[in-house]
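*Asks:* give me the fold of what follows.
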Amino acid sequence: MRKKLPYLLAAPLIGAITVLMICFAVTYRAIDERSSRDEARAADAIVVLGSAVWPNEQPSPSLTARTQRAIELYHEGYASHLILSGGLGRFPPEEAEVMRRLALEAGIPDQALVLDKEARSTRESLLQAREIMRARGWKTAVIVSDPFHLKRSLWVATDMGITAYGSPALDSPTYTVAARRVYYTSREVLALWWYLAQRTLSLF
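*Replies:* Below is the predicted model of the structure:
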């Protein structure tokens, strides 16, 4: 019996690890499958979620890709306004301000740009976007972000009462570079689990 005890104790642990791996794989696949699907359609606004600003006020490749995708959508007539969301990170200026500069360089008029320079997270960005939309009577939005980020972003937006459609920045290196795609999608699995856990706990 003493010889069997380690195996009896190990069995539940192995089972738990197996279940966790299966859940991880299922979530990873769901995020990755959602990543490439573009739902862009006519909406009241295009919401661009921020990403890092690099030294010397330079946009990171991710921030550039997100902004460029939003610029394309604007020029294609999907919406008349862009909501640029992102506060101050490690390097100045605010992410929203850097996106604004890129949009102006692309010929988008300043009056078509609405900036949120305070948000520091996905949830904060979408809360701010919701308030901006409510104040202007807007109800629908196309959300632009890195592909791995869209599933959670749309989930959060829907929970906040925003009618949202996703449009991925497929040129971002977090998607085009295989190793980064695996890394960021894997990390997003944990972020999505954390969000769902918080949402579940809030119901009690």
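
*Asks:* mind listing the helices for this protein?
*Replies:* Taking DSSP state H as the test, the helices found in the chain are 5-35, 61-75, 95-105, 122-136, 150-159, 173-176, 178-202.

*Asks:* how much space between residue 118 and residue 101?
*Replies:* 18 Å (Cβ to Cβ, to the nearest Å). (Each C-beta comes from the backbone N, C-alpha and C, glycine too.)

*Asks:* list the contacts of residue 69.
*Replies:* With contacts defined as Cβ atoms under 8 Å, 6 or more residues apart in numbering, the neighbours of residue 69 are 144, 167-171.

*Asks:* contacts only, for the residue nearest the centre of the chain.
*Replies:* What sits nearest the mean C-alpha location of the chain, by Cα atoms, centre = their mean, is residue 149, with 3.4 Å. Contact analysis of residue 149 by Cβ under 8 Å, 6+ apart lists 49, 122, 188.

*Asks:* what's the local residue count around the nearest residue in space to the first one that is not next to it in sequence?
*Replies:* In space, not counting the residues next to it along the chain, residue 49 is nearest to residue 145; the distance is 4.3 Å by Cβ to Cβ, 6 or more residues apart in numbering. Burial of residue 145, expressed as a neighbour count using other Cβ atoms under 10 Å, amounts to 28.

*Asks:* so what pLDDT did residue 145 get?
*Replies:* Here, the pLDDT recorded for residue 145 equals 98.

*Asks:* what of residue 117?
*Replies:* 97.

*Asks:* circling back to that earlier point, just the buried subset of the contacts of residue 69, please.
*Replies:* Neighbour-count burial (16 or more other Cβ atoms under 10 Å) applied to the contacts of residue 69 gives 144, 167-169, 171.

*Asks:* follow-up on the earlier one: got CSV for the contacts of residue 149, with distance to residue 65, neighbour count and pLDDT too?
*Replies:* Putting the contacts of residue 149 into CSV (distance: Cβ to Cβ, whole Å; neighbours: other Cβ atoms under 10 Å; pLDDT from 0 to 100) gives the following:
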residue, distance to residue 65, neighbour count, pLDDT
49, 12, 27, 98
122, 17, 21, 96
188, 16, 23, 98
